[in-house]
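J.: the amino acid sequence is not available; the structure is as follows:
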């Protein structure tokens, strides 16, 4: 069977760069009509120009309820419905152990990483997600949500919460909507640059696959989970980490 999304409509948050951009491009190339969203319109225009297929843009802060609602509504108006929601947008304003974080940065991290995916899912369901066959929500979590790290400790707390949210939503939204998560390992994105840029060769050497991840590695898994090949998969977490967890690199 071919991995195709012909006839599907997808909305991808945090899609101007990195993993979200790669997922949106893969969906569009597979035949989906795709709405990409992030905070900056100029970055969205640049990203859309690199994609093949039917791609629209809508600038929205993922943690802003009004903007999120407007983006979901624009997707339905432009494409006639919504079949796939990818909650990829995330933030990490604090580096360090959990005991050092302040209330403001903790609240921002929760607002985008934890509350945001639930908000967008609520809005998408109200706008008709699940009215057509094989609808799905895909949450981009992290292997940090399955382990611990003092470097990005509170970010990992919110990703652990996102994994649990994924399972709750899968239970509540089945059978009309499947809900899954991907837990990426260390991927070479701008957001994660502080974690890999200065030490990439040494980090890669510790991993079973001897390389860090690329955004397309995650996009390939996202394409599978949104396709008709995955119609009996829900509430699951697909780990794509090059074996990092096996090597104790969570």
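T.: Received the coordinates, thanks. Note that the coordinates shown come from a computational prediction; the quantities given were computed from them, not determined experimentally. Numbering: from 1, shown residues only.

J.: helix or strand with the lowest mean pLDDT in this structure?
T.: In the chain, the helix or strand scored least confidently by mean pLDDT, DSSP states H and E is helix 193-196, which has a mean of 68.

J.: which residues of this structure fall in helices?
T.: With DSSP state H, the ranges of helices along the chain come out as 18-29, 41-48, 65-79, 103-110, 116-126, 153-173, 193-196, 200-206, 215-226.

J.: I'd like these as a markdown table, with distance to residue 95 and mean neighbour count appended.
T.: For every residue, glycine as well, the C-beta is placed using N, CA and C. Listed next are these as a markdown table, based on distance: least, C-beta to C-beta, whole Å; neighbours: other C-beta atoms under 10 Å:
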| stretch | distance to residue 95 | mean neighbour count |
| --- | --- | --- |
| helix 18-29 | 18 | 26 |
| helix 41-48 | 23 | 17 |
| helix 65-79 | 27 | 17 |
| helix 103-110 | 10 | 15 |
| helix 116-126 | 20 | 22 |
| helix 153-173 | 9 | 20 |
| helix 193-196 | 7 | 14 |
| helix 200-206 | 17 | 12 |
| helix 215-226 | 22 | 21 |
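
J.: Provide the strand pairings for the strand ranked longest in the chain, with the direction of each partner.
T.: Using DSSP state E, we find that the single longest strand of the chain is strand 177-184. Taking DSSP bridges as the criterion, strand 177-184 sits next to strand 135-140 (parallel), strand 237-240 (parallel) in its sheet.

J.: for the record, mean pLDDT for the last one?
T.: Looking back up the chat, that one is strand 237-240. Across strand 237-240, pLDDT averages out at 98.

J.: now do the first one
T.: For strand 135-140, mean pLDDT rounds to 98.

J.: let me see the contact set for the residue sitting nearest the centre point of the chain.
T.: In the chain, the centroid-proximal residue (C-alpha atoms, centre = their mean) is residue 88; its distance is 2.4 Å. By C-beta atoms under 8 Å, 6 or more residues apart in numbering, the contact list for residue 88 reads 12, 13, 14, 15, 19, 20, 23, 140.

J.: 10 Å - rerun?
T.: Counting by C-beta atoms under 10 Å, 6 or more residues apart in numbering, residue 88 makes contact with 12-15, 18-24, 36-38, 62, 116-117, 138-140, 182, 218, 222.

J.: coming back round to it: can you redo the strands paired with strand 177-184 as a markdown table with mean neighbour count and distance to residue 97?
T.: Compiled in a markdown table, these are given as follows (neighbours: other C-beta atoms under 10 Å; distance: least, C-beta to C-beta, whole Å):
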| stretch | mean neighbour count | distance to residue 97 |
| --- | --- | --- |
| strand 135-140 | 26 | 24 |
| strand 237-240 | 18 | 24 |
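
J.: reformat the ones you listed as a markdown table; add distance to residue 159.
T.: A markdown table is the format used below for those (distance: least, C-beta to C-beta, whole Å):
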| stretch | distance to residue 159 |
| --- | --- |
| strand 135-140 | 9 |
| strand 237-240 | 11 |
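
J.: wait, which of these is closest to residue 186?
T.: Shortest distance between residue 186 and the strands paired with strand 177-184, using C-beta to C-beta, is found for strand 237-240: 10.9 Å.

J.: show the pLDDT at residue 182.
T.: 98.

J.: which non-adjacent residue is nearest it?
T.: Among residues not flanking residue 182 along the chain, residue 238 sits closest, at 4.9 Å (C-beta to C-beta, 6 or more residues apart in numbering).
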